[in-house]
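>>> no sequence on hand, only this structure:
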Ligand code: XMP
């Protein structure tokens with residue numbers, strides 16, 4: 001594998017020459033490995049752009065900045081676009097409409113920032129082999145903008161960059177191995193997938209900052225307990241969902257009428273089918289008790305026991 005990585009670095013140097021490259025960093029495995037690889041190949045010719053949509057999990061933007069500073073010797077531009085995304089999403093409840101708006105806003109913000117990188121000729125993206133297959137392509141044909149398409153709905157035609165896709169022959173497991181070999185921390189390398197539209201599709205109904213903040217708190221507790229119990233690497237995806245359903249409870253001696261958090265924890269090989277993970281009851285109890293006690297605005301926690309199919313992994 002080291003040999004393959006070295007070959008890829010040499011090829012990247014040949015392809016890129018002295019030109020400048022931009023890379024959209026999401027904090028996920030694929031984009032991080034691409035950034036690490038391109039940064040090894042051409043160092044400061046690379047500029048990474050991270051868009052904070054306000055739809056990220058608790059502490060995620062800070063973690064990306066932190067990991068980036070430790071592991072990459074290149075420029076990182078963090079764009080705070082929370083207000084813009086929330087404004088565009090105001091009043092929207094339809095899941096597909098949310099996806100469209102997020103995709104378009106992401107492209108607009110990304111294009112604006114990319115345009116500020118003087119003389120950038122290349123766009124590096126973390127397209128992997130399954131992305132190509134899902135989009136009906138083959139590994140040897142230029143894929144246009146598959147990864148962007150997959151995650152956010154496609155780049156505009158006038159964004160003229162040559163694509164650099166060094167992971168296009170790899171499966172996810174290979175990408176993780178490459179990440180380890182490149183010295184990326186396990187926290188990035190063994191990360192569960194996180195959808196492009198982020199928490200917007202886990203915050204059912206209209207997306208507001210208040211609901212997102214509640215969801216972020218509940219999700220952080222859930223992840224912390226799952227990690228502490230050693231279940232993170234034994235599961236495929238774990239997350240909290242904010243349900244805009246009100247339910248009665250009693251907190252600190254007072255009657256409350258607050259919202260509900262659903263916990264989704266699934267095990268799968270390919271994400272096409274999935275079963276709900278049989279978490280120990282004691283762990284579920286710790287998670288639900290902590291969320292209800294510590295998160296303002298939540299009166300009840302439910303565990304999602306729906307298989308895929310027919311239920312999808314995400315709730316929207
Ligand atoms: P579903 O909900 O379709 O999820 O069973 C299967 C996998 O895809 C992820 N997912 C998305 N990823 N944009 C993404 O980048 C999306 O709109 C999207 N919707 C679902 C989901 O998290 C799971 O890993």
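Here it is on my side, so go on. Values in this document were obtained by computation on a predicted structure and should not be read as measured data. Residues are numbered from 1 along each chain as shown.
>>> show me where the stretch 101-250 of the chain has strands.
Ranges of strands in the stretch 101-250 of the chain, per DSSP state E, counting those that start in this stretch, are 120-124, 162-164, 237-251.
>>> those strands: which one's closest to residue 102?
For these, proximity to residue 102 was assessed by Cβ to Cβ; strand 237-251 is nearest, at 16.4 Å. (Glycine included, C-beta is placed from N, CA and C.)
>>> what comes up buried for the closest one?
237, 238, 239, 240, 241, 242, 243 (16 or more other Cβ atoms under 10 Å).
>>> how about a markdown table for the strands of the stretch 101-250 of the chain, with distance to residue 28 and mean pLDDT added?
Shown next, in a markdown table, are the strands of the stretch 101-250 of the chain (distance: least, Cβ to Cβ, whole Å; pLDDT from 0 to 100):
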| stretch | distance to residue 28 | mean pLDDT |
| --- | --- | --- |
| strand 120-124 | 14 | 95 |
| strand 162-164 | 17 | 93 |
| strand 237-251 | 12 | 96 |
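>>> and these: which comes nearest the ligand?
Ranking the strands of the stretch 101-250 of the chain by distance to the ligand, with Cβ to the nearest ligand atom as the measure, places strand 237-251 first at 5.5 Å.
>>> quick revisit: so which of the buried residues of strand 237-251 reach the ligand?
Filtering those for neighbours of the ligand using Cβ under 6 Å from any ligand atom leaves residue 237.
>>> check which helix or strand covers residue 287.
helix 281-294 (DSSP states H and E).
>>> likewise residue 33?
helix 29-42.
>>> what lies in contact with that helix?
If you take Cβ atoms under 8 Å, 6 or more residues apart in numbering as the criterion, helix 29-42 is touched by 5, 8-9, 12-13, 16, 21, 23-25, 46, 48, 67-68, 71-74, 124-128, 147, 164-167, 172, 175-176, 178-179, 182-184, 188-189, 191.
>>> hmm, the helix or strand just after it touching the ligand?
Next helix or strand after helix 29-42 toward the C-terminus (DSSP H and E): strand 46-52. No - shown here: strand 46-52 not in contact with the ligand (Cβ under 6 Å from any ligand atom), separated by at least 13.9 Å.
>>> any idea how far strand 46-52 is from the middle of the chain?
Distance, stretch centre to chain centre, for strand 46-52: 14 Å (Cα atoms, centre = their mean, to the nearest Å).
>>> repeat for stretch 193-210
Using Cα atoms, centre = their mean, the mean C-alpha position of stretch 193-210 is found 11 Å from that of the whole chain.
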